[in-house]
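In: sequence first, then the predicted structure:
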There are 4 protein chains.
Amino acid sequence: MRGRILKESIDLFDKKGFSKTSIQDIIDTIGVTKGTFYYYFKSKQELLMDIHLNYIKELLAEQEVIFNDEYLSNKEKMNNLISLIIKNIKIHGKSARVFNREFRHLDDNQLKLINDYRKEFRIKLQKLLGEGIEKGEFRDDLRCDIVIFGILGMVNRSYNWYDPDGEVSEEELVNTYMDIILNGIKKEEKTAHINEKIIENHFTG
Amino acid sequence: MRGRILKESIDLFDKKGFSKTSIQDIIDTIGVTKGTFYYYFKSKQELLMDIHLNYIKELLAEQEVIFNDEYLSNKEKMNNLISLIIKNIKIHGKSARVFNREFRHLDDNQLKLINDYRKEFRIKLQKLLGEGIEKGEFRDDLRCDIVIFGILGMVNRSYNWYDPDGEVSEEELVNTYMDIILNGIKKEEKTAHINEKIIENHFTG
Amino acid sequence: MRGRILKESIDLFDKKGFSKTSIQDIIDTIGVTKGTFYYYFKSKQELLMDIHLNYIKELLAEQEVIFNDEYLSNKEKMNNLISLIIKNIKIHGKSARVFNREFRHLDDNQLKLINDYRKEFRIKLQKLLGEGIEKGEFRDDLRCDIVIFGILGMVNRSYNWYDPDGEVSEEELVNTYMDIILNGIKKEEKTAHINEKIIENHFTG
Amino acid sequence: MRGRILKESIDLFDKKGFSKTSIQDIIDTIGVTKGTFYYYFKSKQELLMDIHLNYIKELLAEQEVIFNDEYLSNKEKMNNLISLIIKNIKIHGKSARVFNREFRHLDDNQLKLINDYRKEFRIKLQKLLGEGIEKGEFRDDLRCDIVIFGILGMVNRSYNWYDPDGEVSEEELVNTYMDIILNGIKKEEKTAHINEKIIENHFTG
DNA sequence: TATGAATGAGTATTCATTCAT
DNA sequence: GATGAATGAATACTCATTCAT
């Protein structure tokens, strides 16, 4: 029952938003009474907190697995992490949207805890980026924190528009994002350019 | 008075969220009575809609100006548009956050209109990108829509973490984003590689 | 309206008790809606606090008048204070019962304030007694605090059984209490006793 | 188990009041479940009635013992009964407070029964007083009922302020009350007066 | 004896909105 | 333009009680 309440709540919170979803809505969907709801959850907010905790903890666990894979380069790990987020949309898209939209309805203590977890996830990504830089996989002239905020913004917003059953496949989306992140969207003239310049210098030097 | 109500509402909606801000909160902040509020606004939702319309219309107007500047390349326009968004944080951060968070509280008709405007903004960016591709400024092997969604995600999220008075200047943020978007984060081994080789050749040549 | 709500609430709290009286009961009695109640009172508890404050403040004010009457002896003041309480039953009996029964439903801060006022009333009575002792109006071999607690217990309980419209008049009740308090209920044999002693002394003297 | 439930309930009812104590509170304190409670008690009210019955029946039984002691004068019996009440505070203070505070939560039938017992206790005291008057132990110019109400008020309120472990011993409290009840608080000027008269008579006699 | 999931009627409280003045 | 008393529908939450196991 607890599980059903969680599931239906996520559905409703995703569809209507936390504040517009009443306990009545939830129990009507399931077909139980108010007492039942409050037998399993102390309050509407505790339910919301549960949803948040479930989501972030699972995400962190999956992040951990990728992190601990010794056979992957940092670039590959980054790719897999983005893939993780995108592929989660199909299964956990609703949770993810609730997680990213409704956290303002948590109280101060709850929010602090969730934000700590959020930060943990972000810090690990920064570490991944930092190590990648040291290993020469990534550029070393950018601020890690901004880059990660940017990447997460790019990827996380997908929950709001990406339809896993639409014309763009998950793989294509992941690859596109990775491609942008790694190589940017500019037409690569640089090589030739530099080449020319150097040669030029060479001749004039 | 209308302006003051708008201003204080945006403040409160940003600070506490739309659903947690009561009309009472708003009028208490200003020091007027309920009647006054309803003299200027038909309903709380109409106020929210007003905030949305003001925001998106101004943004579209500013986008238009940049678009119509004949002396800019598409890359430069893209840069200016991102700069527009980032630099707005200081002035219109509150409105922007309300705009990006609370639109779910609009009713269906209102939401449709706002989404049309949103789409208009996005489509223009896509057009900019498309033209840039044709002109050879950008790569031609990526889906425009995904790229724009990605860029917007990256940039718009800044409203949630970027502090204009913090250690990162607006210029630095804009430049970093543009750099990532244009060039990606991968270490360009090719350039250096070629470089070295050439120099090597030069000396040995 | 505020006054009506107070009045009807006191009636209901007296009749049914605080916890068994719902806001619904109150507004049904008056014939208004819930919103009206909450327009005038922040909460059910604040209403209860109001009743308490009104009651004790008026009582203290009336006590003050008696206290400041320079033409009365301490014994007369004591008599008038008891008279004050008894005669209040007709007018403020309901408030008094609510005041003496329902204070446990106040929160800690409210209770502290009310208890301070309660104490103020009691301490003034103790002072009256103490001064009376110094002037030789009362015995000096009893603890003032216990005596006052006793007197107040005796008198205040009247609210629970005394019917001002019954066969015992207010004057009779006041006189009886004063008589008990001043002289006790024992048949005065002392006279004889003293008599004997005196006579004895007389004979031996 | 039944006994434990009774004991803990009295504790909680005394501490928090009947209406603010939930069945959940009670079973949590004991560490059992709802079913257990309802196995032993038909309802929360039945539990309250049990507490009331236990208390008043024991009090009546103890009153009976004192009453039936042929070797005591009525004054001594009165003294012992007051002593009984005061000394009960230490052992049955909680029950007593619950008994004196929460009876309003009984239903009509229960309340009628309890009030009959209450009255029985009071009537017996009135009888004691009446007999004492006849035997010349007490004054004959006061209404028995008022006097007894007064005495009970005085003594019963002790439950609300008297701390058996404080600086005033139970004996001192009993003695003080008995002293007030028997002799009042007025400084006995009569003695001197009588003295004078007697001496006068003596001289004239 | 005891469990604990489920009930459902009830309760305080909130709040956008109206409207006579 | 502005007031503020009054509305009433909605909402989160409580809790004594039941009952199948």
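Out: Looks like it arrived, so ask away. Numbers count the residues shown, from 1 in each chain, chains lettered A, B, ... in the order given.
In: residue contacts, A:Met1?
Out: By C-beta atoms under 8 Å, 6 or more residues apart in numbering or on different chains, the residues touching A:Met1 are A:32, A:36, A:40. C-beta here means a position set from N, CA and C on the backbone, and glycine is covered the same way.
In: quick check: domain ranges of chain A?
Out: Using automatic domain parsing, the domain ranges for chain A come out as A:1-41, A:44-204.
In: OK, contacts around A:Lys186?
Out: Neighbour list for A:Lys186: B:75, B:137-139, B:182-183 [criterion: C-beta under 8 Å, 6+ apart].
In: which pair of the residues you listed spans the longest distance?
Out: Using C-beta to C-beta, the contacts of A:Lys186 span at most 13.0 Å, a distance reached by B:Glu137 and B:Asn183.
In: more neighbours: these two, which one.
Out: Neighbour count, other C-beta atoms under 10 Å in any protein chain shown: between B:Glu137 and B:Asn183, B:Glu137 has more, with 21 against 18.
In: these two touch, right, the more buried one and B:Glu76?
Out: No. Using C-beta atoms under 8 Å, B:Glu137 is not in contact with B:Glu76, being 9.4 Å away.
In: okay, and A:Asp28 sits in which element?
Out: In the assignment (DSSP states H and E), A:Asp28 maps to helix A:23-30.
In: what about the nearest residue to A:Glu102 once chain neighbours are set aside, neighbour count?
Out: Residue nearest to A:Glu102 in three dimensions, not counting chain neighbours: A:Phe18, with 4.3 Å by C-beta to C-beta, 6 or more residues apart in numbering or on different chains. By other C-beta under 10 Å, 24 other residues sit near A:Phe18.
In: in chain A, what residue lies closest to DNA strand E?
Out: A:Gly35 (2.1 Å; C-beta to the nearest atom of the strand).
In: which helix or strand contains that residue?
Out: Element membership for A:Gly35 (DSSP H and E) is helix A:34-40.
In: report the buried residues of that helix.
Out: For helix A:34-40, burial by neighbour count (16 or more other C-beta atoms under 10 Å in any protein chain shown) applies to A:36-37, A:40.
In: check these one by one and keep those near chain D.
Out: Near chain D, taking C-beta under 8 Å from any C-beta of the partner chain as the test, no member of the buried residues of helix A:34-40 is found.
In: from these, pick the one nearest D:Phe121.
Out: Using C-beta to C-beta, A:Thr36 comes nearest to D:Phe121 of the buried residues of helix A:34-40, at 47.4 Å.
In: who are the contact partners of that closest one?
Out: The contact partners of A:Thr36, by C-beta under 8 Å, 6+ apart, come to A:1, A:27.
In: whichever helix or strand A:Asn115 is part of packs against which elements?
Out: Assigned by DSSP H and E, A:Asn115 belongs to helix A:108-134. Identification of packing neighbours for helix A:108-134 by 3 or more C-beta pairs under 8 Å, 6 or more residues apart in numbering or on different chains; DSSP states H and E yields helix A:44-67, helix A:74-101, helix A:144-156.
In: okay, the angle between it and helix A:74-101?
Out: Angle, helix A:108-134 to helix A:74-101, by axes from the mean of the first three to the mean of the last three C-alpha atoms, to 10 degrees: 160 degrees.
In: so how far is helix A:108-134 from its chain's centroid?
Out: For helix A:108-134, the gap between its own C-alpha mean and the chain's C-alpha mean amounts to 11 Å (C-alpha atoms, centre = their mean, to the nearest Å).
In: and for stretch A:62-79?
Out: 15 Å.
In: for stretch A:154-169, same thing?
Out: Centroid separation for stretch A:154-169 versus its chain: 12 Å, with C-alpha atoms, centre = their mean.
In: can you pull the buried residues of it?
Out: Neighbour count says stretch A:154-169 has A:154-159, A:162, A:164 buried, by 16+ other C-beta under 10 Å.
In: for the record, mean pLDDT for that stretch?
Out: Mean per-residue pLDDT for stretch A:154-169: 88.
In: right, is it up against chain B?
Out: Yes. Judged by C-beta under 8 Å from any C-beta, stretch A:154-169 comes into contact with chain B at A:154-158, A:161-162, A:168.
In: which one of those residues is nearest chain B?
Out: Nearest to chain B among the residues of stretch A:154-169 next to chain B: A:Arg157, at 3.0 Å, using C-beta to the nearest C-beta.
In: so that closest one touches B:Val155, yeah?
Out: No. Using C-beta under 8 Å, A:Arg157 makes no contact with B:Val155, being 10.0 Å away.
In: A:Glu46 and A:Thr33, how far apart?
Out: 18 Å (C-beta to C-beta, to the nearest Å).
In: have a look at those two and say which one is more surrounded.
Out: With neighbours defined as other C-beta under 10 Å, A:Glu46 and A:Thr33 compare such that A:Glu46 has more, 15 against 10.
In: ok, now which ones touch that one?
Out: Counting by C-beta under 8 Å, 6+ apart, A:Glu46 has no contacts.
In: please tell me how far it sits from A:Phe37.
Out: Distance of A:Glu46 to A:Phe37, computed by C-beta to C-beta: 11 Å.
In: same check on A:Glu58?
Out: A:Glu58 is 23 Å from A:Phe37, by C-beta to C-beta.
In: show me which pair in the residues of stretch A:154-169 next to chain B is furthest apart.
Out: Pairwise distances across the residues of stretch A:154-169 next to chain B (C-beta to C-beta) peak at 16.8 Å, for the pair A:Asn156 and A:Val168.
In: mean pLDDT for the domains of chain A: which is lowest?
Out: Of all the domains of chain A, domain A:44-204 carries the lowest average pLDDT, namely a mean of 85.
In: run the chain-centre distance for that one.
Out: Remark: domain A:44-204 is offset 6 Å from the chain centroid, using C-alpha atoms, centre = their mean.
In: contacts only, for the closest residue to A:Gln24 other than its chain neighbours.
Out: Distances taken as C-beta to C-beta, 6+ apart put A:Lys34 closest to A:Gln24, at 7.7 Å, once the chain neighbours are dropped. Neighbouring residues of A:Lys34 by C-beta under 8 Å, 6+ apart: A:23-24, A:27.
In: among those, which ones are buried?
Out: Among the contacts of A:Lys34, the ones that count as buried by 16+ other C-beta under 10 Å are A:23, A:27.
In: from the contacts of A:Lys34, pick the one nearest chain C.
Out: Chain C has its nearest neighbour among the contacts of A:Lys34 in A:Gln24, at 18.4 Å by C-beta to the nearest C-beta.
In: how near is that closest one to C:Gln24?
Out: According to C-beta to C-beta, A:Gln24 stands 20 Å off from C:Gln24.
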